[in-house]
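Visitor: Whatever this is, show me its structure:
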Amino acid sequence: MKKTALLLSLFLLFALLFCACGEKPATPAETAAPETAAPETDPPETEAPEPEAVFLNGADGSDDNDGLTPETPVKSYDRAFALLTPTRSVIVVEKTASLARDYVFPAYDGTVTITACRDGVDYAADNGAALKIASSASLSSDLILDRIAVIASSDGARLCARFHNVTVTETVTTESKTGFLPSFVGGYLVPDLALNAANHQTAKEVSYTGDVTFSLSGGSWRSIVGGNVRLGRNSPVGTVNGALTLSLGGAVRAESKAITDDIGVDYVAACGANFAHGSVTLEITGGTYKTPVYVIGHMGKYFNYTADNGKTGTDGLQARYNTRYDAAVTVKISGGDFTAREATEVKVLQVPGQTPLHADAAFEITGGSFSEKTVFSALGVLGNTTAAGVPDGRKTVDFFTVNGEKVADRHVPRLACCGDSITFGTCYAAQNGYLDVNFSYPAQLQRRFGDTAVVGNFGYPGSNVTSNSYAKYYQSLCWNLLEDFDPDYVSFALGTNNCSLMPGGLADFKSSYRTMLNALRKTYPEVKVILTTALYRFDKQERMEQLDTYILPAQKEIAEQNASFTTLLDLYTLFRPYGTATYYKDKLHPNNLGYSKLADVLYENLKDTIK
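Guide: Just a heads-up that it's a prediction; the model follows:
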């Protein structure tokens, strides 16, 4: 009985414990690994809200409006930029707003998008809304152009990035009211200001330090230049310090229809009239090109600043401001149509003798359509040069390695033409669609040598050979640039401007010439010098007599004294048959025909030497 009662008590106690826990004990069959919590799932992704916009209407807007709705647009870009915030970065153009000539957009701390479409409304289609450029429009912040037309209302209309990042989407179109499409300038549009102008820019002011990318996928452009465009020889030459990339693709078109061998200004170039340190990349994934394609475009004429800053209004120090181009160059082409007659040149340097590249250059070609006449050229590069993926049958120039095969181990010889205004090309003129710079004798000599030599023009108008003149050639900007040219041969055509200093300046002429030659040999011990006698002149009887009596004999004496590395070329005698008004512009300087004859004479006498 007691045993039964004890079992009953134990049973009741067990039951009470079970009820207190709220669950029955598990049997072996029910025992299992503890359940794991179901993994958390990310909430469904939602699109980021579209940035707020400011609405701009150049016809019906008012700068007293808040600009936040299509019904309350502002009238000017100045006011539209003032209303931008960190979350309000879009300007919607309802109707075209006028821009002043040489307009500069206000600054914004971020990337601005300018468009003519918003919330399903196409203001370009409905109202003809566009970005209309009268002369130049310059940026002060990064920019995206999307779904809008860019209209050129003048021959020289340019969109200038001033080294701010720019994206032009494939939805952008361009138009012209004058027959000339707009141009894109990645750097500054540098005016040609008088040297005594109060607002004369320095090289530092048109330079940039940092990385920058210009990406164009839409629009038809007269020219596309990733760097500066200089408008004259008084314009300083800036420098880019960093990585510069020009990326072209999509529906972009370059349609200048420039003459292929013209030293002109309408072309595609990753870097313009500026020096560069770091890297320059030209990347082409698509587009259509009716213009030559370069990495480094025409630098333009130089004003010959001297290092002593001895003339009021000049900035002599900018003559030495980073005057070297040593950015590594890469050309990547994976698409694009280059079959037009004008696009048969894909070159590192537009003018090989003008901008020596002290760096390596590499071409990587994996696509694109090319004419059978297309030439890929590294002429003028001083570093290692390689080209991979060059299509069969296309010409390559001055590469060490082509498609994995070594084809050369040194570059072609380099000739520096040093002289005064006759070397520079004073009195030449534009002709038959070619710019005047094509007609200097160094430019024509380059054409005669073709791909077998690099010819540089180091002419300094008004220069002479003296020890104390502001216009002395030694230590001028041209001399400073000559030291970067790395010449194998140097021709000196100096002495014409010393005639007026004779006879009193004869001793100084001789000693200064020797000083200049010794300085050159100190920098380049192996250089060969070609000393040319001054050209015949018939402007003034006194100057003709001074030339015959003092200058010509002194030049022959100097050449003889330095015969170990100097060759005399008697241009006075060789060119004397052309000393007539047919070949001279002003009895001192040749005209285009005269410069052509001078190039012929020089080529015939140098072709067997420079090789």
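Visitor: Apart from its neighbours in sequence, what residue is nearest Thr426?
Guide: Computed as Cβ to Cβ, 6 or more residues apart in numbering, the closest residue to Thr426 that is not its neighbour in sequence is His589, at 5.0 Å. The way it works is simple: take the backbone N, C-alpha and C, and place the C-beta from them, glycine included.
Visitor: Ok, Leu139 next?
Guide: Here the residue nearest Leu139, using Cβ to Cβ, 6+ apart, is His164, at 4.7 Å.
Visitor: one step back: confidence score at the residue nearest to Thr426?
Guide: pLDDT recorded at His589 is 96.
Visitor: same question, Ala430
Guide: Per-residue pLDDT puts Ala430 at 83.
Visitor: ok, how many other residues are close to it?
Guide: 12 (other Cβ atoms under 10 Å).
Visitor: now swap in the one 4 residues further on and tell me
Guide: Burial measure for Tyr434: 17 neighbouring residues, criterion other Cβ under 10 Å.
Visitor: any low-confidence regions in the protein?
Guide: Within the chain, the stretches with pLDDT under 70 are 1-50, 193-200, 257-265, 301-323.
Visitor: Buried residues of stretch 370-379, list them for me.
Guide: Using 16 or more other Cβ atoms under 10 Å as the test for burial, stretch 370-379 gives Phe370, Thr374, Val375, Phe376, Ser377, Ala378, Leu379.
Visitor: got these as JSON lines, with secondary structure columns?
Guide: Output for the buried residues of stretch 370-379, formatted as JSON lines (DSSP: H, G, I helix; E, B strand; the rest coil):
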{"residue": "Phe370", "secondary structure": "strand"}
{"residue": "Thr374", "secondary structure": "coil"}
{"residue": "Val375", "secondary structure": "strand"}
{"residue": "Phe376", "secondary structure": "strand"}
{"residue": "Ser377", "secondary structure": "strand"}
{"residue": "Ala378", "secondary structure": "coil"}
{"residue": "Leu379", "secondary structure": "coil"}
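Visitor: I'd like these as JSON lines, with distance to Leu568 appended.
Guide: Formatted as JSON lines, the buried residues of stretch 370-379 follow (distance: Cβ to Cβ, whole Å):
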{"residue": "Phe370", "distance to Leu568": "46"}
{"residue": "Thr374", "distance to Leu568": "42"}
{"residue": "Val375", "distance to Leu568": "36"}
{"residue": "Phe376", "distance to Leu568": "39"}
{"residue": "Ser377", "distance to Leu568": "34"}
{"residue": "Ala378", "distance to Leu568": "34"}
{"residue": "Leu379", "distance to Leu568": "29"}
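Visitor: Out of those residues, which is nearest to Asn241?
Guide: Using Cβ to Cβ, Ala378 comes nearest to Asn241 of the buried residues of stretch 370-379, at 23.3 Å.
Visitor: As a check, name the ranges of all helices in the stretch 101-250 of the chain.
Guide: 123-127 (DSSP state H, counting those that start in this stretch).
Visitor: so Thr171 sits right up against Val150, yeah?
Guide: No: contact criterion Cβ atoms under 8 Å: Thr171 and Val150 do not qualify, at 11.7 Å.
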